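Asks: Need coordinates for the following:
(one chain, ligands or ions: 1)
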Amino acid sequence: MSRIAYVNGRYLPHKNASVHIEDRGYQFADGIYEVCEIHNSQIIDMGPHLDRLDRSLRELRINAPMQRAALIRILKEVITLNRVTNGLVYIQITRGVAPRDHYFPKSTTPSSLVVTAKHVNRKKWLEKGEQGIKVITTPENRWERVDIKSVSLLPNVLAKQKAKEAGANEAWFVDKDGFVTEGGSTNAWIVLNDGRLVTRPAEAGILRGITRAGVMKLAAKKAITVEERPFTVDEAKHAREAFCSSASGLVMPVTHIDDTIIGAGAPGELTQELRKTFHEASELTKL
Ligand code: PLP
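Replies: This is a model prediction of the structure:
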């Protein structure tokens, strides 16, 4: 079955779907995006993802391409056309197409909207979760507005490639004071010896992850304490467990940080429990 993408009002074969060369997303990475998980034909935490999308647009003064209800119809249509029951839906909005110039184009320039959906191989995803992942640490070198889910991801791309070349899957950025901020495409967590969870506050230095919020909701249901405070690389290396959170990986156990084995070198018990029960605390939207 061929994949279908939505591009600026049209549903097109994915392989031919394209935007103009003067799209500001292409020229300046002048755009934002969101990724939602699709689980058993339901969109996970769609409301919070669309709230964050609206916030990213406001912060960058990009016009919303349409009302939320119309956007939701497109998301559902793309997921359905691609027959995705377990996977991801991707939304990208840019400041639109205009002759290349750093200044904003006329305020009447329509923003560009692209929506795609893809299957995720559930077997592989489960295997990865059973194995856990390796993380490297790398100096934080991103701009201060990492709270905006912008498509300007060059430092993240370079950090994740560095991780890959080191035989790892994710890179945790470390600020100038030695504290972990977050991963290249995930939020970072540790589990202390007494079972408390620690993750950096979302006020500065990280993207306010929707999955991060989901883990917090789940932890509250299970009476697990979450401490929102910065933690150092050293503290992480001595933690009982560690994991990453994101819409695509949910709760992903970390078994190594640089050359240090975390806990027993296998996914931790609490991490696995959070991973297995994650959807108990999420908002589900039927297609
Ligand atoms: N941090 C960064 C830099 C990300 O790119 C992402 C996801 O793409 C996250 C955190 C996790 O956010 P969410 O849980 O909303 O997917």
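
Asks: list the contacts for the spatially closest residue to residue 35 that is not a sequence neighbour?
Replies: Distances taken as CB to CB, 6 or more residues apart in numbering place residue 247 nearest to residue 35, at 5.0 Å, with adjacent residues excluded. Every C-beta, even on glycine, is put in place using the N, C-alpha and C of the backbone. Residue 247 sits next to 35, 36, 37, 44, 45, 49, 88, 210, 211 when contact means CB atoms under 8 Å, 6 or more residues apart in numbering.

Asks: how close does residue 247 sit to residue 275?
Replies: Distance, residue 247 to residue 275, by CB to CB, to the nearest Å: 14 Å.

Asks: got it, and residue 250?
Replies: Distance of residue 250 to residue 275, computed by CB to CB: 6 Å.

Asks: With residue 131 instead?
Replies: Distance, residue 131 to residue 275, by CB to CB: 12 Å.

Asks: which one of the two has more residues nearby?
Replies: The residue with more neighbours, out of residue 131 and residue 275, is residue 275; 20 against 14, by other CB atoms under 10 Å.

Asks: who's in contact with residue 141?
Replies: Per CB under 8 Å, 6+ apart, neighbours of residue 141: 155, 173.

Asks: in which helix or strand would I find it?
Replies: When elements are assigned from DSSP states H and E, residue 141 belongs to no helix and no strand.

Asks: One more: residue 181?
Replies: With DSSP H and E as the test, residue 181 turns up in strand 180-183.

Asks: mean confidence score for the helix or strand just after that strand?
Replies: Following strand 180-183 in sequence order, the next helix or strand is strand 187-191 (DSSP H and E). Per-residue pLDDT over strand 187-191 has a mean of 98.

Asks: What separation do you get for residue 245 and residue 31?
Replies: 24 Å.

Asks: hmm, back to that, could you pick out which of the contacts of residue 247 are near the ligand?
Replies: Contacts with the ligand within the contacts of residue 247, counted by CB under 6 Å from any ligand atom: 35, 210, 211.

Asks: From residue 135, how far off is residue 228?
Replies: Taken as CB to CB, the span from residue 228 to residue 135 is 20 Å.

Asks: So these two - more neighbours on which side?
Replies: residue 135 (30 against 13).

Asks: Could you check how far that one is from the ligand?
Replies: According to CB to the nearest ligand atom, to the nearest Å, residue 135 and the ligand sit 13 Å apart.

Asks: Just the buried positions in the host helix or strand of that residue, please.
Replies: Using DSSP H and E, residue 135 maps to strand 133-139. Buried residues in strand 133-139, counting neighbours by 16 or more other CB atoms under 10 Å, are found at 133, 134, 135, 136, 137, 138.

Asks: How about the residues of the chain by the ligand?
Replies: Residues of the chain lying near the ligand (CB under 6 Å from any ligand atom): 35, 156, 182, 185-187, 207, 209-212, 245-247.

Asks: Could you dump the contacts of residue 247 into JSON lines with pLDDT added?
Replies: Below are the contacts of residue 247 laid out as JSON lines (pLDDT from 0 to 100):
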{"residue": "35", "pLDDT": "98"}
{"residue": "36", "pLDDT": "98"}
{"residue": "37", "pLDDT": "98"}
{"residue": "44", "pLDDT": "98"}
{"residue": "45", "pLDDT": "98"}
{"residue": "49", "pLDDT": "98"}
{"residue": "88", "pLDDT": "98"}
{"residue": "210", "pLDDT": "98"}
{"residue": "211", "pLDDT": "98"}
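
Asks: Can you list which of these are found in helices?
Replies: If you go by DSSP state H, the contacts of residue 247 have 49, 210, 211 in helices.

Asks: quick one, what contacts the first one?
Replies: Applying CB under 8 Å, 6+ apart to residue 49 gives the contacts 34, 35, 36, 210, 247.

Asks: Is the fourth one in contact with residue 45, as I believe?
Replies: Yes - contact between residue 210 and residue 45 holds when scored by CB atoms under 8 Å: they sit 5.1 Å apart.
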